[in-house]
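Chemist: When you get a sec, could you give me coordinates for this:
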Amino acid sequence: MKSMKWLLRREIWEHKGAFFWTPLLIAAAMVILMGGGFAYSVAFGNVENIRFHGDLVSVDGVPQAMRYKIAHIAASAYLGAAAPLFLVLAVVVFFYCLSALHDDRRDRSILFWKSLPLSDRDTVLSKVVTALCVAPLVTIAISVATSLLLLVIGMLAAAGKGLNLFAPVLTDLNLYLSPFYLLAFLPLYILWALPTVGWLLLVSSWAKSKVFLWAVGIPLVTLLLLFWLNFIISPIAPVHFDIDFIGKEIVTRMLGGLFPGAWMSEVDGSRLRQMKEGLDAGAVLGESYRTLANPGVWLGAIAGGAMIVGAIRLRRWRDEG
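Modeler: Numbering: from 1, shown residues only. Take a look at the predicted model:
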């Protein structure tokens, strides 16, 4: 347990620029740009009316019932402002996994780490935990802080125009539950991201160079070859490969599982479209966990685990010398 703790500290220390400073700088840019836009609208804008559910209403004459509806939507959906940070998370973790085991061999530092009483299993698992838990938790913390700051700036801007939302927003339970809903998505994200993390670490432990080309090229070229075989074989034989299934369930899961919300393609959209009073995070969470009834999710997670085991064995025996 102590060795795992120090291995995780090592990963955070070596990659704090990617995991901490990158999302923090993007969050700062978002606050400056979006917050500056709010401030500009208050200082120089001429916003006298707002359109809400198709109705044009004077800003300083919003009825109390409508004010509470606006506040409920703001308190329920304010974390949506941090969506760019989660896109950055997917990119950062993708390239982190690609370089996680390859760089140790390239710069020969693997000889130093192998001289320490650290097993290959713990070393690889520390990178898995960093990719699937540490990086998302850091992004969630920064996202919540950024979204709250933007929400406060937005409410100040609205108050400057005569629409005071502070009381109804602060008394809305969703304001406080939203971060916990976000955390509740983490186990789902881990299951969906396992195939991608396993594949990238497997390639990282095996490829001597051009890791990105190997990781992306093998699935895409294989898909193209199967498509070509279908084209050649179909006129003379009834046998053919299900390209749609392979592309969606295998290639997409191998390369796109790190994007938060990748499971939304499996969610019943008709239930979500019934939301009339803003985002119901609890309903979205429930519908998201319904995707676990799909056996493909578990088969992908098992395949990801198997590829991680393969990465551990390759790290144990592979040497560039």
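
Chemist: where are the low-confidence patches of the protein?
Modeler: 1, 39, 41-63, 106-118, 237-239, 269-279, 318-321 (pLDDT under 70).

Chemist: which helix in it runs the most residues?
Modeler: helix 135-160 (DSSP state H).

Chemist: So which other helices or strands are in contact with the helix or strand that that helix is followed by?
Modeler: Remark: after helix 135-160, the chain's next helix or strand is helix 166-170, criterion DSSP states H and E. In terms of contact count using 3 or more Cβ pairs under 8 Å, 6 or more residues apart in numbering; DSSP states H and E, helix 166-170 is assigned the packing partners helix 64-77, helix 135-160. In this view, the C-beta of every residue, glycine as well, is placed from N, C-alpha and C.

Chemist: what's the spacing between the longest one and its chain's center?
Modeler: Once both centres are worked out by Cα atoms, centre = their mean, to the nearest Å, helix 135-160 turns out to sit 18 Å from its chain's centre.

Chemist: and the angle from that helix to helix 64-77?
Modeler: Here the directions of helix 135-160 and helix 64-77 differ by 160 degrees (axes from the mean of the first three to the mean of the last three Cα atoms, to 10 degrees).

Chemist: Okay, buried residues for helix 135-160 please.
Modeler: 135-136, 138-140, 142-144, 146-151, 153-155, 157-158, 160 (16 or more other Cβ atoms under 10 Å).

Chemist: what does stretch 169-177 give?
Modeler: Neighbour-count burial for stretch 169-177 [16+ other Cβ under 10 Å]: 169, 172, 174-175.

Chemist: need the residues you listed in a markdown table with secondary structure and distance to Glu249, can you?
Modeler: Converted to a markdown table, the buried residues of stretch 169-177 look like this (DSSP: H, G, I helix; E, B strand; the rest coil; distance: Cβ to Cβ, whole Å):
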| residue | secondary structure | distance to Glu249 |
| --- | --- | --- |
| Val169 | helix | 42 |
| Asp172 | coil | 40 |
| Asn174 | helix | 35 |
| Leu175 | helix | 38 |
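
Chemist: between the residues you listed, which is closest to Pro23?
Modeler: Taking Cβ to Cβ as the measure, Pro23 lies nearest Leu175 of the buried residues of stretch 169-177, at 22.2 Å.

Chemist: okay but the closest one is in contact with Val169, surely?
Modeler: Yes. Contact criterion Cβ atoms under 8 Å: Leu175 and Val169 qualify, at 6.1 Å.

Chemist: can you list residues touching both of these two?
Modeler: Ala75 (Cβ atoms under 8 Å, 6 or more residues apart in numbering).

Chemist: which outside residues touch the host helix or strand of Asp122?
Modeler: Element membership of Asp122 [criterion: DSSP H and E] is helix 120-129. Residues from elsewhere that reach helix 120-129, judged by Cβ under 8 Å, 6+ apart: 3-4, 7-8, 10-11, 96-97, 100-101, 113, 197, 201, 205, 308, 311-313, 315-316.

Chemist: mind listing what's buried in that helix?
Modeler: 120, 123-129.

Chemist: and if you look at stretch 243-263?
Modeler: 246-247, 249-263.

Chemist: cool, stretch 213-231 as well?
Modeler: For stretch 213-231, the neighbour count (16+ other Cβ under 10 Å) marks 214-216, 219, 223, 226 as buried.
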